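J.: Below: sequence and its predicted model.
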Amino acid sequence: LGNVGLPNGLVAAGTEISGAHGIAVSPEGRVGYVEGPWTRKVREVNSDGNLATRAGDGEISPSNTCVFPCSALAYSLLSPYATAWAPNGNLYVSDRALNQVYSIDASNTITLVAGRRGSMTGNGDGGPATSAKIDANGIAFDAAGNLYIADQLGNAVRKVDASGTITTLATTAAPNALAADAAGNVFVYERDNRRILKIAASDQAVTTFAGNGSTEVSGDGGKAIDAGIGAVGGIATDGTTVYFSSNGRIRRVTGTGKIESIGGWSYYATGLAIRSDTLYVATQNGRIVRAPLAQLVTQPAHVAHDFD
């Protein structure tokens, strides 16, 4: 890992990783992420800066014989995509090839949380999440412990409550990255429409939050709904401001709806997370960096580079 111009140093400095995405940070400062794309492993940087594998044996052709629960380190993930920390401290991971979401506890025991492999009729709404049909992409928790899943091929955001029951929160066009704030508002990127939607916690009303459908990046200083945001790889919020990666750049939407680009950045951002007023960024070329939100400065949009 190396310094990329943002203040406050690095996470697990000096360790080489083959790309990082799907980042999540626990309240205690533990960083979960997907390493890849080819390692097929979920890793953690703990609050002391030590790096450990949490799930995945790295096998290319998985032939899982696990009867859940079983060892996460012996379990073959095929295409892990995103991580999220549950209120109970377990690390969750989605696998968009296996169409499932898993929970990993402190002893690295893995348990199925959502998704059924194989064909089925219907999407499973109203039943146990472990029997539901999902295309698991981005995942996130709210403060109440509800799990949200971007079901990309199902064109829906799914919600799994504390009892394990799954429902459709909202229909969207190929949802991908998502984030939830403490109040339960969900922000989700529609890949096909190149925009970020807000799903209100109060009434599940769906409104456009950012993006005008353009594949290009534009509109800094103006209204977020009029801006081009391109491809979004990660979303994070502190409850007031929403941060996201925009064609590799880091951008934010303020509480007034204005969109801005963050300066001091030249690598391709693939995932974002926020903890204790600090922004964590995963990059395509294998860096994880952090910076206090108060020290982030804006500048006009610039070209982000990967594999520098």
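T.: Now that the structure is in, tell me what you want to look at.

J.: List the contacts of Arg116.
T.: Shown in contact with Arg116 (Cβ atoms under 8 Å, 6 or more residues apart in numbering): Asn99, Gln100, Gly124, Thr130, Ser131, Ala132, Lys133. Backbone N, C-alpha and C define where each C-beta goes, glycine included.

J.: Could you rerun that using 6 Å?
T.: Contacts for Arg116 (Cβ atoms under 6 Å, 6 or more residues apart in numbering) come out as Ser131.

J.: now Thr270
T.: By Cβ under 6 Å, 6+ apart, the contact list for Thr270 reads His21, Gly233, Ala282, Gln284.

J.: from memory the third one sits against Gly19, does it?
T.: No - taking contact to mean Cβ atoms under 6 Å, the distance of 8.4 Å between Ala282 and Gly19 leaves them out of contact.

J.: who's more crowded, those two?
T.: Remark: of Ala282 and Gly19, Ala282 carries more neighbours, 30 against 21, as counted by other Cβ atoms under 10 Å.

J.: Now do the same contact list for that one.
T.: Going by Cβ under 6 Å, 6+ apart, Ala282 touches Ala20, His21, Ile23, Tyr33, Thr270, Gly271, Ile288.

J.: Next, it: secondary structure please.
T.: Judged by DSSP: H, G, I helix; E, B strand; the rest coil, the three-state class of Ala282 is strand.

J.: pLDDT score for it?
T.: Note for Ala282: predicted pLDDT of 92.

J.: Could you measure from it over to Val34?
T.: 9 Å (Cβ to Cβ, to the nearest Å).

J.: Pull up the per-residue confidence for the closest residue in space to Leu293 that isn't next to it in sequence.
T.: Spatially, and ignoring its direct neighbours in sequence, Leu293 is nearest to Asp277 (5.0 Å; Cβ to Cβ, 6 or more residues apart in numbering). Listed pLDDT for Asp277 reads 92.

J.: Tell me how many other residues crowd Asp277.
T.: 10.

J.: Now do the phi/psi pair for it.
T.: The phi/psi pair for Asp277 (degrees, to the nearest 10) reads phi 60, psi 30.

J.: Check Thr168 too.
T.: Thr168 adopts backbone torsions of phi -90, psi 120, taken as degrees, to the nearest 10.

J.: What residues are bridge-paired with the closest residue to it other than its chain neighbours?
T.: Of all residues not flanking Thr168 in the chain, Ala156 sits nearest, at 4.8 Å (Cβ to Cβ, 6+ apart). On the basis of DSSP bridges, Ala156 is bridged to Asp151, Thr171.
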